[in-house]
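K.L.:
below are the sequence and a predicted model; questions follow.
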Amino acid sequence: MAGLLALAAACNAGAPTPGPATTDASTSKAEPSTGEPIDTTGPTTGEPLPPVTACAEATSLAASPRTIGEAVAFINELPQPLTLDCFLERLERPLAIAATRSVISLQPAVGESSPRLFLFMGELVMSVAVDGHGFDLLEFGELVGPTRSIKAEIAFPLAAPIAPDAPFSRIFDGVDGTGCGVCHGGEAPAPAYPQAFVSDALRFPDFEAVKFTDLRGEYERCDPAAQPERCARLTALFGHGAVEPAAFPETMPTIYDYE
């Protein structure tokens, strides 16, 4: 147990963080974009949703990126300056989400009311925080096998488009791996992207899961006057079309399997 607590502290502290993500312009385009507006009615009531406010300007762009490269391309298509909430609200629906109260992460949950959230899009799994440390980070895990994934990270807000290698250079530890290797074992270079690394893909155990109904309840009763940023994050996820529960494969290991 002492070893696991030490590991949790290391994961929360992270490796020394490199400078902010580069703002060099990228020429990649968002292939998944349809140019059509997403559903503008609530998933359960059919009533009109409130106006989109997270994006710097109105946009009908929507996408469902399946790789880190596609996510970067879509990010570069969205209005700048770009917030994480704008990116989240422009993801195509239905949006598949799982939530955990685990604190063993660079995005630790702040109790069950503000869990860490995982968004599932094919082989791409993205994670965001509802509150607390890591709130402005978008974490990526692109699966390259049943239990292996390429890791990356983008820090928001963005003032300009980012270079294709920005999500990987940000987490590079300056030697021979990434800060993600503290928690994810078996790290090795990944040929799919420059300066990228692949490591163990981990799921959170069932006892750390937050029920989907409880998560949605946090959105429905959130008070923007009291918690504006937290409510804006929940609205970016739940206020722009259908959202459904998801889960990691049971065959994927957890961090407790390293004991």
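P.N.:
Cool, the structure landed. Numbering: from 1, shown residues only.

K.L.:
so where's the chain shaky on pLDDT?
P.N.:
Counting by pLDDT under 70, the chain has low-confidence residues at 1-53.

K.L.:
ok, 80 please
P.N.:
The chain contains residues with pLDDT under 80 at 1-53, 259.

K.L.:
and the strands in it, which stretches?
P.N.:
Listed in chain order, the strands of the chain (DSSP state E) span 95-100, 116-121, 124-129, 137-145, 148-155, 188-190, 196-200, 209-210, 243-245.

K.L.:
what helices and strands are in contact with the longest one?
P.N.:
Okay, so that is strand 137-145. helix 68-77, helix 84-89, strand 124-129, strand 148-155 (3 or more Cβ pairs under 8 Å, 6 or more residues apart in numbering; DSSP states H and E). C-beta here means a position set from N, CA and C on the backbone, and glycine is covered the same way.

K.L.:
quick one on the thing from earlier: would you reformat the strands of the chain as JSON lines and include distance to D85?
P.N.:
Putting these into JSON lines (distance: least, Cβ to Cβ, whole Å) gives the following:
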{"stretch": "strand 95-100", "distance to D85": "14"}
{"stretch": "strand 116-121", "distance to D85": "13"}
{"stretch": "strand 124-129", "distance to D85": "9"}
{"stretch": "strand 137-145", "distance to D85": "11"}
{"stretch": "strand 148-155", "distance to D85": "13"}
{"stretch": "strand 188-190", "distance to D85": "29"}
{"stretch": "strand 196-200", "distance to D85": "26"}
{"stretch": "strand 209-210", "distance to D85": "20"}
{"stretch": "strand 243-245", "distance to D85": "15"}
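
K.L.:
identify whichever of these lies nearest to A109.
P.N.:
In terms of Cβ to Cβ, the element of those nearest to A109 is strand 116-121, at 4.9 Å.

K.L.:
and the closest one, what does it pack against?
P.N.:
In this structure, strand 116-121 makes packing contacts with strand 95-100, strand 124-129, judged by 3+ Cβ pairs under 8 Å, 6+ apart.

K.L.:
of those strands, which approaches A232 most closely?
P.N.:
Within the helices and strands packed on strand 116-121, the stretch nearest A232 is strand 124-129; the backing value is 12.0 Å (Cβ to Cβ).

K.L.:
perfect, that will be all.
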